[in-house]
Each structure stands twice: as structure tokens, then as C-alpha cells.
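> after the sequence you'll find the predicted model.
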Amino acid sequence: VIIVPLVVVLGGDKDPGTTMPSTSPSLQPSSSPSSSPTSIGLSEILQFLIDNDISKAEDLNQVGSPQYRAAEWMADVDELNLDYNIFGNGQQQWFQRYRLVTMYYATNGDDWLICGKNSVSCADRYGDWLVPNESECEWFGVGCNAAGTVTSFTTVGDRQSEGNKLNGTIPEEFYDLTSLASIAIHGNQLQGTISASLAKLSDLTTLNLHSNRFTGTFPSDEFFGVSTKLTLLFALFNNPKLVGTIPSSIGKSTTLQRFQVANTGFRGELPEEFYEMTSLKRLDLRYCKFEGGISSKFDQFTQLSTALLSNNTFAGNFPPLTNTAALKTLALEGNNFEGTLPTAFCQLGGLDDLFVDCDDLECPSSCTAKCSCKLHSDD
């Protein structure tokens, strides 16, 4: 009997060298309850996001996380059929779309007052969110340039003073919308820290985050080191648990018109470079923890109409003002100023209201009609 060995080769046409293992972490079981991706497309997208450092593996591994839900929406719901694997405009739009969807889920978008899934106040006035066959530039609050790149994000509708009930934290993916020039997400219930990744948004002209619940330290050094285009507004006021200082790099913001950090934990002395923001029209530092003196360079704020410095621990003599002809309101009470205000204050023709502590800082007799005297011990 002759036995002839039979060798069977399976998959002989496949080149074993065509697929290389990824150096990025692959999808691994999460410590949180999770399940396998529900489609091949989702599994591929999740791995693509990890391999290209679009989102963190630990976030994508957690079923129900904003990142996972956004990837799931892109895989199973989105109808634009953008190719995320091929570099080009389609891929960039895919990334942009994914980042916005992540922001939606991270801030409880289903319950937004305007254009959330459960909202009834959208269709007639605004564009619904997460419409699978429409550009993300049509969604409420998203503004794009002619090339379709997101340049603004707002959560306010017709009533500018009201927010949109955003509740959650700003995801890291949002800061990768690096062409943003305007962010207006004030009057919401946003929590957590403001990431140092905010410094990626070097084209910002407006940053309005006031009246939320942010905590931690604002990344002042990183942000003001690159944000030289701030023009209209920097507003963080009414975030009482948000702390920070004003760095010397703020002097680069020479075109900024409104700087408002009242009722926050901002503290420390004002650097000399602060007075280089000579385009300021409104300055609001009330109810913070600022200290030290006010520089004679304050007189460089020639366009300033409102300066609210109340309820800090500023000290010393307030400098003479001769060039601030636009100044209408100056509030100094609740500090440790002393002495007598220079008579030049009375010559500021536009000054309507001057608020001081009458037991520490004396108004010139010729200014009594403009000066409101308040005992330092008063609330």
C-alpha cells in the first residue's frame, strides 16, 4: 500500500503582508457594561477612530458613551455616505459631522429646548439636528463658511438671554472643530472643566460661556497665548466654581471689546499687559478675588464705557483718568482703595455713575452729583 500525503493550502491567493497590525490600542472589553458592536460598519468605524486618534479608546469601548453613540449614528443612521477612509473633503466632513454628533450626545441633546429629539420648537424656525440626509450646516446653531466648514456654534435662539438646556461636559472632540470663530453656549447647565484643548481654537473672535456650572481652572496661559483674534467678547461670568488668573499673554488681545469674568473664582493681580487691551468697551471683574493696585495705564482704555471692579480686594490709590472720555460707569466699591479720587474724574464729561466706598475713598467735592457713596460694610 502506497500512502500519498495530501497537502491542502487554504487562502493561497492572500498576501499575508498586505495587512499590518495597528500600533493604536484596539477595541478591548470595557470595565463598564458593554456589548459587541451591532454592525460590521460600526466595528470598522470604532477601530478607525482609535487608529486615527479621533477619540480615546476607553470612550469608544464604553457602549452608551457620547463617542460610541456618535459612531453608531454615523454607521447605522447617517445617509450622506461620506468616505471616512479616503483623505479629502469627504473625510474632513465626516470628521466634522462625527464631532458635532458627539457634542450633541455629550450635552444631552435629546432634551435640548430647541431642536432636541424631544423638542417641539424647531421645525418652523430652525433646522433639526441629526437629520441623516442633510448637511450638518443645516442643523440649529451650526454656522458654516462657503466651503462647508463649521465656523460658529450657538445654543441660543430668538431669545438671546436664554440657553438651550445643554447638560453635561464639553467633549474633547468639540475642540477639534478648529475653524470655529464664534462659540455662544451661555445660559446652560454645562459642567466639568474647560479643557486646555480650547487653545486649538485660535480663530475665535467670540467666546461666550457665561452662566453655566463649569469647575476647575480655566486654561488662561494656553488660551490667551494663541487667541490673538478675540475681538467681540470673552465672557465667563456667573461660573462661581471656575477659577483662573489673567496671564501676561492677554496683552495680545488688543482688539477685544468686552472682557467679563464677574462672579467667578478668578484671582490675582492684573498684569501690566492687561492694559494693552486698548479696544475694551466693557470690563466686568465684579465679585472675584483680584488684588493689588490699578496701574496708571488704566488711562489707556480710551474706548472704555463701563468698568465694574466692585467686590474684590484691589487696594491703593486709584490713578488719575484724563483720556477715558468714553467712560460712563465706574464701580469701585467693595475694595480697599483709599485716599481721594483725583479732581480730573469730574472733568470726564461722559461719566454718569461713580460708585465708591465712602469710608475709604473720597469723591472730590465737585463730583458729588455723579458719585454714589457706599459704606464699605454694606452688602
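The structure has been received and is ready for your questions.

> helix/strand/coil for Ala315?
Secondary structure state of Ala315, per DSSP: H, G, I helix; E, B strand; the rest coil, is strand.

> identify the bridge partners of it.
For Ala315, the beta-bridge partners are Asn336 (DSSP bridges).

> how many residues are close by Tyr104?
When neighbours are defined as other C-beta atoms under 10 Å, Tyr104 has 24 of them. For every residue, glycine as well, the C-beta is placed using N, CA and C.

> and the pLDDT at it?
Tyr104 carries a pLDDT value of 97.

> how about the spatially closest residue to it that is not a sequence neighbour, secondary structure?
Leaving aside its sequence neighbours, Tyr104 sits nearest to Trp129 (C-beta to C-beta, 6 or more residues apart in numbering; 5.9 Å). At Trp129 the chain is in coil, as set by three-state DSSP.

> verify the stated contact: Trp129 with Phe153.
No - using C-beta atoms under 8 Å as the test, Trp129 is too far from Phe153 to be in contact (12.0 Å).

> the two: which has the busier surroundings?
Neighbours per residue (other C-beta under 10 Å) separate Trp129 from Phe153, with Trp129 holding more: 24 against 19.

> so where do the helices sit in the stretch 201-350 of the chain?
220-226 (DSSP state H, counting those that start in this stretch).

> please enumerate the strands of it.
206-208, 216-217, 233-235, 239-244, 258-260, 264-268, 282-284, 289-292, 306-308, 313-316, 329-331, 336-337, 339-340 (DSSP state E, counting those that start in this stretch).

> of all these, which lies closest to Leu348?
strand 329-331 (8.7 Å; C-beta to C-beta).

> pull up the pairing partners for that closest one, direction included.
In the sheet, strand 329-331 lines up with strand 306-308 (parallel), strand 353-357 (parallel) (DSSP bridges).

> tell me the average confidence for the longest one?
Taken as a whole, strand 353-357 carries a mean pLDDT of 86.

> what's the following helix or strand after it?
Remark: after strand 353-357, the chain's next helix or strand is strand 361-362, criterion DSSP states H and E.

> what's that following strand in contact with?
318, 332, 337-341, 356 (C-beta atoms under 8 Å, 6 or more residues apart in numbering).

> that one pairs with which strands?
Counting by DSSP bridges, strand 361-362 is paired with strand 339-340 (parallel).

> distance between the partner strand and the chain's centre?
40 Å (C-alpha atoms, centre = their mean, to the nearest Å).

> do stretch 288-302 as well
So, by C-alpha atoms, centre = their mean, the centroid of stretch 288-302 is 26 Å from its chain's centroid.

> and the nearest residue to Leu321 once chain neighbours are set aside, how many neighbours?
Nearest non-adjacent residue to Leu321, counting by C-beta to C-beta, 6+ apart: Asp299, 5.3 Å away. When neighbours are defined as other C-beta under 10 Å, Asp299 has 16 of them.

> Thr322 is in contact with Asp299, correct?
Yes - counting by C-beta under 8 Å, Thr322 is a contact partner of Asp299 at 6.2 Å.

> got the strands of the stretch 201-350 of the chain as a markdown table, with distance to Asn133 and mean neighbour count columns?
Listed next are the strands of the stretch 201-350 of the chain as a markdown table, based on distance: least, C-beta to C-beta, whole Å; neighbours: other C-beta atoms under 10 Å:
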| stretch | distance to Asn133 | mean neighbour count |
| --- | --- | --- |
| strand 206-208 | 31 | 22 |
| strand 216-217 | 39 | 14 |
| strand 233-235 | 35 | 23 |
| strand 239-244 | 38 | 19 |
| strand 258-260 | 40 | 20 |
| strand 264-268 | 43 | 19 |
| strand 282-284 | 43 | 20 |
| strand 289-292 | 51 | 16 |
| strand 306-308 | 47 | 19 |
| strand 313-316 | 57 | 15 |
| strand 329-331 | 52 | 21 |
| strand 336-337 | 62 | 18 |
| strand 339-340 | 68 | 12 |
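
> could you give the separation of stretch 182-193 from the chain centroid?
On C-alpha atoms, centre = their mean, the centre of stretch 182-193 falls 7 Å from that of its chain.

> what do you get for stretch 196-207?
Chain-centre distance of stretch 196-207: 7 Å, with C-alpha atoms, centre = their mean.

> and the contacts of that stretch?
151, 172, 175-184, 219, 222-223, 225-235.

> hey, C-alpha coordinates of it in PDB?
In PDB, the C-alpha atoms belonging to stretch 196-207 read as follows (Å, rounded to 0.1, in the frame of the first residue of the first chain):
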ATOM      1  CA  ALA A 196      -6.700  73.200  27.600                       C
ATOM      2  CA  SER A 197      -7.600  72.000  24.100                       C
ATOM      3  CA  LEU A 198      -9.600  75.200  23.900                       C
ATOM      4  CA  ALA A 199      -6.200  76.700  22.700                       C
ATOM      5  CA  LYS A 200      -6.700  74.800  19.400                       C
ATOM      6  CA  LEU A 201      -9.400  77.300  18.500                       C
ATOM      7  CA  SER A 202      -7.000  80.100  17.600                       C
ATOM      8  CA  ASP A 203      -9.500  81.700  15.200                       C
ATOM      9  CA  LEU A 204     -12.000  82.600  17.900                       C
ATOM     10  CA  THR A 205     -13.300  86.100  17.900                       C
ATOM     11  CA  THR A 206     -16.100  85.400  20.400                       C
ATOM     12  CA  LEU A 207     -16.200  83.100  23.400                       C
END
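
> can you say which of the strands paired with strand 329-331 is nearest to Cys288?
Of all those, strand 306-308 sits nearest to Cys288, with 10.6 Å by C-beta to C-beta.

> next, count neighbours for Asn133.
8.

> that one belongs to a helix?
No - Asn133 is assigned coil when assessed by three-state DSSP, not a helix.

> distance of it relative to Glu58?
Per C-beta to C-beta, to the nearest Å, Asn133 is found 32 Å from Glu58.
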